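Colleague: coords below, sequence missing:
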């Protein structure tokens with residue numbers, strides 16, 4: 001699986017990105033509500049105060065209509081634009097997560113040649129190097145296990161061939177069995193050491 005540097009899809013994880021966008025929108029709604037209350041409250045308090053002079057209330061009403069016609073549309077527009085923008089940039093975070101998930105699927109299917117490659121401006125760049133290093137270690141261990149397994153098979157084949165022909169001595173048999181034991185110890189060290197450490 002090869003990844004292109006340019007991510008064409010803005011929506012890579014609809015569920016997560018939607019939840020994030022809704023959360024941002026909700027925060028912006030709360031923020032706008034608080035700001036609107038603080039902005040409109042002085043004007044509304046003047047309008048509702050019947051003890052104030054008529055001139056003050058007329059001036060307050062003009063200010064209120066000015067806020068209605070200028071401030072409120074801009075505030076709503078900014079809120080919508082910021083919500084849409086936040087949704088757009090989430091692919092810098094959820095895109096890498098998507099690539100990690102796809103890479104894990106490939107590894108589960110036996111592809112140890114794959115590596116995660118994130119874009120320059122993506123988040124989780126520090127995780128990328130750690131994750132790829134982990135794959136390198138797993139790949140190296142897998143190759144070593146495969147090599148030891150192959151050696152064991154070859155030695156067993158030599159033993160069987162020598163036994164059939166009657167050309168293998170006791171000393172040669174012991175030597176070959178010792179070689180098999182050594183290879184099995186290598187496999188055990190590569191695959192079982194982490195399990196043993198956890199038990200201890």
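Modeller: Done, it's in. All figures in this text were calculated on a predicted structure; none of them were measured in a lab.
Colleague: Figure out the helix or strand that the spatially most central residue of the chain lives in.
Modeller: Centroid-nearest residue in the chain, with C-alpha atoms, centre = their mean: residue 97, separated by 2.4 Å. Assessed by DSSP states H and E, residue 97 sits inside helix 91-108.
Colleague: Does anything pack onto the lengthiest helix in the chain? Which helices or strands?
Modeller: The helix that spans the most residues within the chain, counting by DSSP state H, is helix 125-165. Contact partners of helix 125-165 among helices and strands, from 3 or more C-beta pairs under 8 Å, 6 or more residues apart in numbering; DSSP states H and E: helix 91-108, helix 170-199. C-beta coordinates here come from the backbone N, C-alpha and C atoms, glycine included.
Colleague: got any ranges where this structure has weak pLDDT?
Modeller: Across the chain, the ranges flagged by pLDDT under 70 are 1-14, 16, 87, 193-200.
Colleague: coming back round to it: most packed of the helices and strands packed on helix 125-165?
Modeller: The highest average neighbour count among the helices and strands packed on helix 125-165, using mean count of other C-beta atoms under 10 Å, belongs to helix 91-108 at a mean of 16.
Colleague: leaving aside the residues next to it on the chain, what's closest to residue 151?
Modeller: In space, and not counting its chain neighbours, residue 151 is closest to residue 183: 5.1 Å by C-beta to C-beta, 6 or more residues apart in numbering.
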